[in-house]
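1. Provided below are the primary sequence and the corresponding predicted coordinates.
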Amino acid sequence: MSKTDDYARQFADLVIRSLENHTAPWTKPWKPGEVPAGPHNGVTNRSYRGSNFMNLLLTQQERGYQSAEWLTFKQIGEAGGKVRKGQKGTSIQFWKTSEPSAEQLAEDPAAKKRMQVFYFTVFNRDQCEGLPDPKPQLQVSEQWRHEKCEQLMSDSGVPFNFNGGDRAYYRPDIDQIFMPSKAAFSSPDGFYATALHELGHSTGHKNRLGRDLSGKFGSESYSIEELRAEFFSFMCGERLGIGHDPGQHTAYIKSWIKVLKNDPKEILRACADAEKICNFLKIERYQELEQNNVQAQQLTGQERRQGRPVRKAGAKTIDPLAPELLDDQIKDMKSRRKAEELAVAL
């Protein structure tokens with residue numbers, strides 16, 4: 001069994017246990033402002049993505065961690081802390097596109113880029129001691145989240161038909177979303193959470209992300225699409241602060257368990273697709289947007305004092321797992337051991 005296969009099996013088992021114990025966070029309703037902060041880096045405050053997000057979320061839940069902050073071994077040391085004795089880290093994945101080398105191109109001029117996976121170990125704040133106090137998590141205002149949801153719905157270009165009676169659904173054959181009126185929902189946030197769930201389904205259209213939307217209710221392909229939509233809905237609820245309503249989707253739990261037992265890698269594909277939906281709809285985490293705004297203001301203010309031209313706002317924080325920062329680390333690790341044997345705490 002390859003390291004990727006082993007990683008997928010362990011991750012799938014973690015998801016299956018949460019589903020069997022009815023503790024999976026995407027199967028429970030969360031009120032606006034009460035969605036637990038998703039896993040994020042304790043130094044940059046940036047959210048982990050895709051499978052790393054879900055893996056760390058379920059790990060902190062299963063182990064009873066109260067913090068959503070995760071750090072590499074190196075970051076912990078640089079912050080003046082240390083990992084408590086006997087604590088075990090959690091592996092996360094980083095995929096990197098590798099260009100063919102000069103030697104490979106000499107042997108095969110048609111050689112193409114290939115994806116390589118690397119594994120890194122992170123620790124939860126609760127596993128450490130001596131760290132500075134955590135950064136406060138900003139509260140998302142109702143006005144901001146509602147305006148953001150309206151903007152997402154409008155920018156999507158997908159028609160919303162509010163003559164859906166008491167049901168909400170997406171019809172790929174005519175590329176329309178059918179919804180009850182806002183008045184049919186107990187709160188505006190409930191309306192937006194449902195609308196964005198259906199908007200997530202609409203990204204599967206052949207002219208967008210092109211997922212299989214042909215499955216009928218009760219079929220395996222239908223269940224797989226719902227798993228992606230539920231992951232996306234939970235991520236969306238956490239990032240925008242609108243909460244999460246699983247509705248009747250808990251009816252798919254048995255189907256999800258069956259799918260993951262038959263093919264553990266389906267959990268990786270589902271998480272990747274959920275992240276693709278977020279990226280396609282340009283859904284960003286409120287905490288990061290505000291952090292970027294503050295940093296941009298600080299940057300422009302500093303440049304005014306120094307008399308240099310002011311840069312446009314939008315400076316981004318540094319992601320410790322960003323490709324441009326990992327290149328040197330990966331080269332160094334490759335020189336010490338084969339890539340498939342990597343399981344290090346940086």
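-> Yes, it's here. Residues are numbered from 1 along each chain as shown.

2. from P32, how far off is G241?
-> As judged by CB to CB, to the nearest Å, G241 and P32 stand 6 Å apart. All C-beta spots, glycine's among them, are computed from the backbone N, C-alpha and C.

3. what touches both of these two?
-> 140, 145 (CB atoms under 8 Å, 6 or more residues apart in numbering).

4. all strands for the stretch 1-150 of the chain, in order.
-> With DSSP state E, counting those that start in this stretch as the criterion, the stretch 1-150 of the chain has strands at 40-41, 69-72, 82-83, 90-98, 114-124, 128-129.

5. and Q139, which of those is closest to it?
-> strand 40-41 (15.7 Å; CB to CB).

6. for the closest one, give the mean pLDDT please.
-> Strand 40-41 shows a mean pLDDT of 94.

7. show residues contacting it.
-> 46-48, 68-71, 75, 285, 287, 319-320.

8. and stretch 25-32, by the same measure?
-> Contacts for stretch 25-32 (CB under 8 Å, 6+ apart): 18-19, 36, 57-58, 61, 140, 142, 145, 187, 189, 230-231, 233-234, 237, 241-246, 249-250, 253.

9. list the buried residues of stretch 148-167.
-> 148-149, 152-153, 156, 158, 160, 164 (16 or more other CB atoms under 10 Å).

10. and if you look at stretch 105-121?
-> 118-121.

11. start to end distance for that stretch?
-> End-to-end distance of stretch 105-121 (CA to CA, to the nearest Å): 33 Å.

12. show me how far that stretch is from its chain's centre.
-> Its chain's C-alpha centre and that of stretch 105-121 lie 25 Å apart, by CA atoms, centre = their mean, to the nearest Å.

13. just stretch 167-185 next, same as before
-> That offset, for stretch 167-185, works out to 25 Å (CA atoms, centre = their mean).

14. which residues touch that stretch?
-> 158-166, 188, 191, 194-195, 197-199, 201-202, 204-205, 207, 213.

15. picking up where we left off before, now the buried members of the contacts of stretch 25-32.
-> When those are checked against 16+ other CB under 10 Å, the ones flagged as buried are 18-19, 57-58, 140, 145, 189, 230-231, 233-234, 237, 241-246, 249-250, 253.

16. narrow those residues to those in strands?
-> Using DSSP state E to define strands, no part of the buried ones among the contacts of stretch 25-32 is located there.

17. which residues touch L57?
-> L57 touches 25, 38-39, counting by CB under 8 Å, 6+ apart.

18. neighbour-wise, which of these leads?
-> Neighbour counts for these (other CB atoms under 10 Å) peak at P39, which has 27 neighbours.

19. what are the phi and psi values at that one?
-> As for P39, its main-chain torsions (degrees, to the nearest 10) stand at phi -60, psi 130.

20. tell me which stretches of the stretch 1-150 of the chain form helices.
-> 3-20, 50-63, 73-78, 102-107, 142-156 (DSSP state H, counting those that start in this stretch).

21. all set, thanks.
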